[in-house]
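[1] for reference, the sequence and a predicted model appear below.
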Amino acid sequence: MSDLLQALNDSLADTIERVHHSLVQISNGRGAGAGTIWHSDGLIITNAHVVRGRNHLNVTLPDGRTLPAEVIAYDEARDLAALSIKVEDLPTIEIGDSRNLKAGQWVMAVGHPWGVQGAVTSGVVIGAGADLPEMQTGREWIALSLHMRPGHSGGPLVDSAGRLVGINTMITGPDVGFAIPVQTVKMFLKETIGAAALTV
């Protein structure tokens, strides 16, 4: 491997290691999904479909601790949910800007597909914005060319610097996935919890 490729390989591995510090697993009594630590006081972001209809939720932290979680905000239409766990000083993910995404940009989706902890899949942005084919019109999406699987749901979509640009939400084909832009997450939190939730 050339020095340049080795440096790139090492850089991406270090980036994902940082992302793993803010990645959690969410168990709903029947299955499991992923989530991202948004705020150090225990605010977790995930998909609404990961927690739908489940009253006994548990969050497993990167350090192995498992804690009960409470749903504090829920939006089925945007497929977003915010959970709270009673713990402080958690590592958080760096927040990026999904408005800057362009077709061809390298991104990585992190989660727990088929129970594989902290698994990563990578690819490129197909497109971003409203009115993308196959998806509900009138709202923003990020279309992705990568290999997501069940268990990636609710996990972070990050750029090459490890900044959160979206929340993994669904697949529509073997190598086509969609994520919810982080700007939509910010709007969800502001509307449901308040501006304080936007301060990491």
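    Received it, and whenever you're ready, just let me know what you need.

[2] got a pLDDT number for the residue nearest to residue 188 when sequence neighbours are not counted?
    If the residues on either side of it in the chain are set aside, residue 188 comes closest to residue 80, at 4.8 Å by CB to CB, 6 or more residues apart in numbering. C-betas here are computed from N, CA, C, even on glycine. Confidence at residue 80, expressed as pLDDT, is 96.

[3] contacting residues for residue 80?
    45, 46, 47, 48, 73, 74, 167, 180, 184, 185, 188 (CB atoms under 8 Å, 6 or more residues apart in numbering).

[4] and it, how far from residue 165?
    Using CB to CB, to the nearest Å, one obtains 15 Å as the distance from residue 80 to residue 165.

[5] repeat for residue 142
    7 Å.

[6] so in terms of bridging, what pairs with the nearest residue to residue 74 once chain neighbours are set aside?
    Once flanking residues are discounted, residue 74 sits nearest to residue 81: 4.9 Å by CB to CB, 6+ apart. Under the criterion DSSP bridges, residue 81 forms beta bridges with residue 46, residue 74.

[7] residue 24 too?
    Under DSSP bridges, the residues paired with residue 24 across the bridge are residue 35.

[8] that one contacts residue 38, doesn't it?
    No. The pair residue 24 / residue 38 is not scored as a contact, 10.6 Å apart, by CB atoms under 8 Å.

[9] that older thread, spit out the residues that contact residue 142 and residue 165 alike.
    Common neighbours of residue 142 and residue 165 (CB under 8 Å, 6+ apart) are 98, 101, 157, 179, 181.

[10] circling back to that earlier point, quick check, nearest of the contacts of residue 80 to residue 93?
    Nearest to residue 93 out of these is residue 45 (CB to CB; 9.2 Å).

[11] in the top helix by length along the chain, what's buried?
    Secondary structure of the chain read by DSSP state H shows that its longest helix is helix 3-20. For helix 3-20, a neighbour-count test (16 or more other CB atoms under 10 Å) marks 12, 15, 16, 19, 20 as buried.
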